[in-house]
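Chemist: Predicted coordinates and the sequence they were generated for:
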Amino acid sequence: MRSLSPTVHPPALRERRRITAEILIVMGLSLGQSGVYAVVRLLDKATSGPLAGQTTTLNPVLNDRQYFDLAYQLLGIFFALVPVALALFLLSAGGASAFRRIGFTFERPALDFGLGLGLAVAMGVGTLGVYAAGRALGITTAIVPAALDDYWWTVPVLVLSALRHAVLEEVLVVGYLFERLRRLGWSVPAVLITSALLRGSYHLYQGIGPFVGNVILGLVFGYAYLRTGRVMPLVIAHAALDITGFVGFALLGPAIGIGD
């Protein structure tokens, strides 16, 4: 198992405070903020009626006019990735390449695509099982992966949306967070569990089932990162899962009577 930090000794108190503040700022601008909103949205839904009777749409229409909708979709994707640029910039302090530091490169395509697609298949089957169980128990909302209107740009935007989620989550919740928490002297199990819980937290708006499923996925993805030192297989796996869900639903959902 690789070492995630170039330093084995915890930093001085001043440096620990700086790193802690940095983590809070990066997460407060991105997925930590999403986690807080997800908790509030879950409470809102739970106090409005049974979760089983509610629906969560992951890629909704943002404007009734086609090209304004496209503009809002693209702007949302672009600005969601700004915290990723910030995290990579911060990890590059001292001149080291943040991309190589967390394995966010295409230097090992066989490993990246082999492991990534394998994880996608395994986690895809598990995700469907957890979702079905959550629906049966009444603790998960009905999830509509895509509700965009049928335009020429619908599929490309859904692919870009999937890539956005994959890069945002894997770079921040795994690559960046693992590196920074280890720099603070956290133990490997503590880092792994914290990362997985954070991943689950920002899916809570979908219900308890997706929270549990994403915590499990986070543990598996985190372990894969610990073993390989590469975030790229996780990005590929996540992108494959989301592209399959988003595009597959958009193309096949109406044909099989889902989402009408």
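Modeler: Here it is on my side, so go on.
Chemist: residues of stretch 83-99 that come out buried?
Modeler: With burial defined by 16 or more other CB atoms under 10 Å, the residues of stretch 83-99 counted as buried are 83-84, 86-88, 90-91, 98-99. Where C-beta positions appear, they are placed from N, C-alpha and C, glycine not excepted.
Chemist: go on, stretch 48-59?
Modeler: In stretch 48-59, counting by 16+ other CB under 10 Å, buried: 51, 56, 58-59.
Chemist: okay, those in JSON lines with pLDDT, distance to V188 and secondary structure next?
Modeler: Shown next, in JSON lines, are the buried residues of stretch 48-59 (pLDDT from 0 to 100; distance: CB to CB, whole Å; DSSP: H, G, I helix; E, B strand; the rest coil):
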{"residue": "L51", "pLDDT": "95", "distance to V188": "34", "secondary structure": "helix"}
{"residue": "T56", "pLDDT": "95", "distance to V188": "33", "secondary structure": "strand"}
{"residue": "L58", "pLDDT": "95", "distance to V188": "32", "secondary structure": "coil"}
{"residue": "N59", "pLDDT": "95", "distance to V188": "35", "secondary structure": "coil"}
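Chemist: Columns distance to G222 on top of the residues you listed, output as TSV?
Modeler: Below are those laid out as TSV (distance: CB to CB, whole Å):
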residue	distance to G222
L51	27
T56	25
L58	23
N59	26
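Chemist: quick check, nearest of these to R183?
Modeler: L58 (33.5 Å; CB to CB).
Chemist: Can you report phi and psi for the closest one?
Modeler: In terms of degrees, to the nearest 10, the main-chain angles of L58 are phi -90, psi -30.
Chemist: cool, and A142?
Modeler: Here is the backbone geometry of A142 (degrees, to the nearest 10): phi -70, psi 130.
Chemist: How about I143?
Modeler: The phi/psi pair for I143 (degrees, to the nearest 10) reads phi -100, psi 130.
Chemist: Measure how buried it is and give me the count.
Modeler: A count of neighbours around I143, defined by other CB atoms under 10 Å, yields 18.
Chemist: got the contact list for the residue nearest to it when sequence neighbours are not counted?
Modeler: Closest residue to I143 apart from its sequence neighbours, by CB to CB, 6 or more residues apart in numbering: T56 at 5.2 Å. Applying CB atoms under 8 Å, 6 or more residues apart in numbering to T56 gives the contacts 141-144, 205-207.
Chemist: Go through those and name the one nearest Y225.
Modeler: Distances from Y225 to the contacts of T56, taken as CB to CB, are shortest for Q206 (24.0 Å).
Chemist: surely V26 meets G175?
Modeler: No. With contact defined as CB atoms under 8 Å, V26 does not count as touching G175 (11.7 Å).
Chemist: Who has more neighbours out of the two?
Modeler: More neighbours surround G175 than the other of V26 and G175, with 28 against 20 (other CB under 10 Å).
Chemist: Now do that one against V231, distance only.
Modeler: From G175 across to V231, the span is 4 Å (CB to CB, to the nearest Å).
Chemist: Mutual contacts of these two, please.
Modeler: Here G175 and V231 have 102-104, 225 as joint contacts, going by CB under 8 Å, 6+ apart.
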